[in-house]
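S.K.: no sequence on this one, just coordinates:
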């Protein structure tokens, strides 16, 4: 086996225990970016250790932000204010992180200097036109490959004007890029979503003193307001927690507690869906930290039933669909997932990747244009070699499916897990009564 290959031995005992889920990646990206343009110093506690969030920090440092790691998870950010960033000497590299690229574009749109933003091969082929279009409407000077649709991207911002923009698709990353650019605009911008997407940027902006109003699907934000530094403590990532939530649900006799997890209502679609399917999930110790809902999640194993998942709930669980497909594979009856075509433009084509790899394990799954149809059964066969498609969420979803299989599974290109969740294997090992396999990434 190579350093990029993972062997998963099926679980022969329940998952038990209590763990604290590592930092929320979405919040970590936003905290670092907003901290860099705050007017003064602030601490960020429980910052993500994932490679994607480090890429965001590296870019901000290239733009002149002073960011110091006090510990591996605590940052001291000396904010430069809205006008304090500087022209980078080198090309800005977002690596594999679409969040980094899209949100940084919003900041660069308001700068008076020249910059070039790129990423790895996967990111250079992901759609960026949906961000570039509204930023150009605001007055930003942006150019990109393939008729302004993919990276590398050059920006030379300037005087931005407020915008009223009806988004064609619900996307937190696109919305956040427009909100960040709106901080530099003259006047009040108005953004209308077709459905509610995750609202971390809005909550952080309000927490840091920005004049922002949210009324249903409409957001209004007034530009040219300096952000006031406050301490930020980031909760655990519910997208990371989702893998263990599903694992405890499908492995008989399991009972786990996941502590200090962000339970923002725009991110808890997975819990709603699993509850509808019959999962035993309870929230305890609910509270608010830095404008975000936080709590503990208690999960017990249960028998699931297939349902239809579609419409407005999709943006609240878009990252969790691969692991939902794993739960559906062990549910009674059919599960139908619709309106998820945006998954074709992630780190991989996640609809195709999920269908292709679960079929190898013996799952009855059909890929559709905008989703998946899964006919559940009592157990997953396994006994095969799967591939992550160079996608961290596919690798982790396959790992959980392998736990519930009859026979061991080998996953190639498993090291992509470290991009978002380097602690994944360690936590999974801790929750198992016996070591689950060779952990080599």
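M.R.: Received, thanks. From a predicted model like this one, the values you see are computed outputs, not experimental measurements.
S.K.: residue 393 - how many residues pack around it?
M.R.: Using other CB atoms under 10 Å, residue 393 has 30 other residues around it. Placement of C-beta: from N, CA and C, glycine included.
S.K.: by contact count, what packs against the host helix or strand of it?
M.R.: Take DSSP states H and E as the rule and residue 393 turns out to sit in helix 392-403. Contact partners of helix 392-403 among helices and strands, from 3 or more CB pairs under 8 Å, 6 or more residues apart in numbering; DSSP states H and E: strand 5-8, helix 238-250, helix 321-329, helix 350-360, strand 380-382, strand 409-412, helix 424-431.
S.K.: that helix vs helix 350-360, what angle?
M.R.: Calculated by axes from the mean of the first three to the mean of the last three CA atoms, to 10 degrees, helix 392-403 forms an angle of 20 degrees with helix 350-360.
S.K.: now the angle between helix 424-431 and helix 392-403, please.
M.R.: In terms of direction (the same axes, to 10 degrees), helix 392-403 departs from helix 424-431 by 30 degrees.
S.K.: buried stuff in whichever helix or strand comes after helix 392-403?
M.R.: Moving toward the C-terminus from helix 392-403, the next helix or strand (DSSP H and E) is strand 405-407. By neighbour count, and taking 16 or more other CB atoms under 10 Å as the criterion, the buried residues in strand 405-407 are residue 405.
S.K.: list the contacts of strand 405-407.
M.R.: Under the contact criterion CB atoms under 8 Å, 6 or more residues apart in numbering, strand 405-407 has outside partners 8, 10, 361, 379, 380, 381, 382, 383.
S.K.: direction included, what does it pair against?
M.R.: strand 380-382 (parallel) (DSSP bridges).
S.K.: need the contact partners of the partner strand.
M.R.: For strand 380-382, the surrounding residues in contact (CB under 8 Å, 6+ apart) are 10, 329-330, 358, 361-363, 401-402, 404-409.
S.K.: apart from its neighbours in sequence, what residue is nearest residue 20?
M.R.: If you skip the residues right next to it in sequence, residue 20 has residue 259 as its closest partner in space, 4.8 Å away by CB to CB, 6 or more residues apart in numbering.
S.K.: confirm that neighbour sits in a strand?
M.R.: Yes. With DSSP: H, G, I helix; E, B strand; the rest coil as the criterion, residue 259 is located in a strand.
S.K.: quick check: it touching residue 21?
M.R.: Yes. Residue 259 lies in contact with residue 21 (CB atoms under 8 Å); the separation is 7.5 Å.
S.K.: now for these two: what residues contact both?
M.R.: Between them, residue 259 and residue 21 share the contacting residues residue 236, judged by CB under 8 Å, 6+ apart.
S.K.: so for those two, which residue has more residues nearby?
M.R.: More crowded of residue 259 and residue 21, by other CB under 10 Å: residue 21, with 25 against 18.
S.K.: tell me the pLDDT of that one.
M.R.: Residue-level confidence at residue 21 comes out at 93, pLDDT.
S.K.: the one 10 residues further on too?
M.R.: Here the pLDDT value assigned to residue 31 is 97.
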